[in-house]
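1. Mind folding the following:
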Amino acid sequence: MQWKQITAVAATVMLAVAACGSPSSSNKGGANTGNAGTAQEKATDPTAKGPAPDIEGAKKGGVATVLSDVTPDTMDPTNIYFIDGNQIGKLMYRALTQYRLDGDSHKPVLVPDLAEDLGTKSADGLTWTFKLKQGIKYMDGTEVKAADYAYAIKRSFAHDLYDAGPTYQDEYFKDGKTYKGPYGANGDNYAGVDTPDDHTLVIHLAKKFDDLPYYAAFPMFTPIPKAKDTKKSYDLKPMTTGPYMVDSYTPGSELKLKRNPNWDANTDPVRYQYPDAWDFKFGQDTLKVQRQVLASNGPDGNALNYSDLDSSLVPEVKDQSQIVTGPQPCTNVWGLDTRKIPMEVRKLIAQAYPFDTYRKVAGLTPQTAIPASTILPPAVPGYEKYELPGLVGTGKGAEDPAVASEVKAKLKELGKENFELSWYYSNDDKIATQVNQLRTQVYTAAGFKVRAVGVPKAKIRTLRNDPAAPVNIAQGPSGWCSDWPSGASWFPVLFKSDAVALSNSIGMIQDKTLDAEIDRVNALTADQQLKEWSKVDKLIMEKYLPLIPLYYSYSGYPVGKNLGHVINDPTQGLPEFTSIYLKQP
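-> Numbers count the residues shown, from 1 in each chain. Next up, the predicted model:
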């Protein structure tokens, strides 16, 4: 899941399933604790049914507010891949499967959502059949049909319109590399999916994909009726099946949700409908809104901010229960375009990086930003610690005059004096501007020419997501969170050659030898993969150096005093919105 910019300087994107749960929050109880017990000890619960058990003390009513300093690029379920979009989307969109958070540790357990089960696999592993719940309705009262799920899957192949969503279907679904979506020449004629009756969905694969039930939790697997598809404007009034529906949406500015009168709690094992409405305000000033939330005066007591608390505000925290913490299976990185920057120059860029000051200027705290040296974070199975020279996530870099002088001399030896480094940054965000100033100063001192392109934060994701952008640093995701608990949700989607065209690449590597190695490991059993992904991790860093690992994320965000049951969702490292209530509505 793309992680780009969850914090003001870099965070978000795609479904992160943690290998470990978050510690208990200050609020009593855990999401769906009534389903704990044996379910806590397994990764899936195919027999889970609705409704989700009531949360002790929860009340109905009021308006919950989210004051966000970042701006989701889309709320179209087909195009959602950033983790904030995923979390917000859970309020509106139900998918085939979903995650229940069990017990005090909020351990994620995969359960059926709109499907009756977690799918049945054929003997050869190339066909999956999902039985669908009957009687599910959209917010307007019309009934959901099996054809709507099939259409949503077909829609996900129209990458000319939906260029930011997940792309595993291209790799694994039958004819995924040739089908271009329902608007293309072939229209609805797609061999990868069919509906033998009104409550059965069959997915045909090009190759085995045993993690399909996990993938089916993405919003792209929510049903979409063909007759209601308005293409690029669909997210303005989408057909929702979750507890809330769109009241109004101004892209880049504000999303207001109201109760969906046709959501059936009895069919939903994970969601609640406590607040009357939700108000998401985007593109806010980070420090200003975090101070508002901490003060919790008036309506701000009903608000939260889902970026990590800025380090400068730590002394202002009077009530530690207002800071919700928990793990994120995410790594924040600074991507280096391997097509445009020679390997020896990439090594010098890494040597010059000012890790220590970067964390201070970016407002990161030791509790939420753990120095990184690998691609995989510790929370993901398959992680194995290693450290390459100069890539340990700490150090002054070229802020040290001796290092700056050394890097400058090496550039001259390579005939790369004044080598240009270029990147986008948000010029209307104070923290992003400060980070840009630091990087500019340090790399200029190290003998590079710097071209930093300032753009509004509302446009930064779109521009960075363009693999043909006229820059050579920080293209594609500026971080990544597991789509599910395996290196299989990292390396194939980020480092294979086709990731460039799909706008998912970090480092723009296009090497068939690496493609083959990733495919080899991906074909192994889950247990065998665990030992191999760490080797792929180190191979990529040693041979290609497509990125500088900055830090592993741990959540620590501020919440208003009137919000109840705000827990960290370890599948995404964000507040679990669907179980929040107002203590005094």
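
2. What strand or helix carries the residue nearest to Thr440 when sequence neighbours are not counted?
-> Taking C-beta to C-beta, 6 or more residues apart in numbering as the measure, Thr440 lies nearest to Val450, with 4.8 Å between them; neighbours along the chain are not counted. C-beta coordinates here come from the backbone N, C-alpha and C atoms, glycine included. Here Val450 sits within strand 449-455, counting by DSSP states H and E.

3. again, but for Thr331
-> With DSSP H and E as criterion, Thr331 is part of strand 323-335.

4. which strands and helices sit next to the helix or strand following that strand?
-> Downstream of strand 323-335, the first helix or strand assigned by DSSP H and E is helix 343-352. Counting contacts by 3 or more C-beta pairs under 8 Å, 6 or more residues apart in numbering; DSSP states H and E, helix 343-352 packs against helix 401-413, helix 430-445.

5. Now render the ones you listed as CSV, adding mean neighbour count, distance to Ser497 and mean pLDDT.
-> CSV is the format used below for the helices and strands packed on helix 343-352 (neighbours: other C-beta atoms under 10 Å; distance: least, C-beta to C-beta, whole Å; pLDDT from 0 to 100):
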stretch, mean neighbour count, distance to Ser497, mean pLDDT
helix 401-413, 16, 29, 98
helix 430-445, 20, 29, 97
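
6. Which one of these lies nearest to Met239?
-> With C-beta to C-beta as the measure, helix 430-445 is the member of the helices and strands packed on helix 343-352 nearest Met239 (35.6 Å).

7. The closest one: how far from the chain's middle?
-> Taking C-alpha atoms, centre = their mean, to the nearest Å, the mean C-alpha location of helix 430-445 is offset from the chain mean by 26 Å.

8. can you list the weak-confidence ranges in the protein?
-> Low-confidence segments of the chain, defined by pLDDT under 70: 1-42, 526.

9. what about stretch 178-198, how long is it end to end?
-> Start to finish, the residues bounding stretch 178-198 are 27 Å apart (C-alpha to C-alpha, to the nearest Å).

10. same deal with stretch 451-470?
-> Termini of stretch 451-470 sit 11 Å apart (C-alpha to C-alpha).

11. Name the residues of that stretch that come out as buried.
-> The neighbour-count check on stretch 451-470 (16 or more other C-beta atoms under 10 Å) flags Ala452, Lys457, Ala458, Ile460, Arg461, Thr462, Arg464, Asn465, Pro467, Ala469 as buried.

12. Contacts for it next, please.
-> Residues from elsewhere that reach stretch 451-470 (C-beta atoms under 8 Å, 6 or more residues apart in numbering): 4-5, 70-71, 73, 82, 163-164, 252, 282-283, 420-429, 432-433, 436, 439-440, 471, 474-476, 478, 500-501, 503, 505, 508.

13. Which of the buried residues of stretch 451-470 lies at the shortest distance from Val111?
-> Arg461 (30.7 Å).

14. does that closest one count as helix, strand or coil?
-> helix (DSSP: H, G, I helix; E, B strand; the rest coil).

15. sorry, back to before: between the buried residues of stretch 451-470, which is nearest Pro492?
-> Pro467 (16.9 Å).

16. picking that back up, what's the closest of the helices and strands packed on helix 343-352 to Ser248?
-> Nearest to Ser248, of the helices and strands packed on helix 343-352 and by C-beta to C-beta, is helix 430-445 at 28.1 Å.

17. My guess is Tyr544 contacts Met508. True?
-> No - using C-beta atoms under 8 Å, Tyr544 is not in contact with Met508, being 9.9 Å away.

18. any shared contact partners between the two?
-> Counting by C-beta under 8 Å, 6+ apart, the shared contacts of Tyr544 and Met508 are Thr338.

19. For these two, indicate the residue with more neighbours.
-> Met508 (22 against 18; other C-beta atoms under 10 Å).

20. how much space between that one and Leu514?
-> Distance, Met508 to Leu514, by C-beta to C-beta, to the nearest Å: 12 Å.

21. Check Trp480 too.
-> Counting by C-beta to C-beta, the gap from Trp480 to Leu514 is 17 Å.

22. Neighbour count: those two, which is higher?
-> Using other C-beta under 10 Å as the criterion, Trp480 and Leu514 rank with Trp480 on top: 32 against 19.

23. Look at that one and tell me its secondary structure.
-> Here Trp480 is strand, with the state taken from three-state DSSP.

24. Spell out the secondary structure type for the nearest residue to Leu494 once chain neighbours are set aside.
-> Spatial nearest neighbour of Leu494, chain neighbours left out: Ile506 (5.1 Å); criterion: C-beta to C-beta, 6+ apart. What three-state DSSP gives for Ile506 is coil.

25. mind checking which helix or strand Gly85 is in?
-> Judged by DSSP H and E, Gly85 forms part of helix 83-92.

26. Tell me the buried residues in that helix?
-> By 16+ other C-beta under 10 Å, the buried positions in helix 83-92 come out as Ile83, Asp84, Gly85, Asn86, Gln87, Ile88, Gly89, Lys90, Leu91, Met92.
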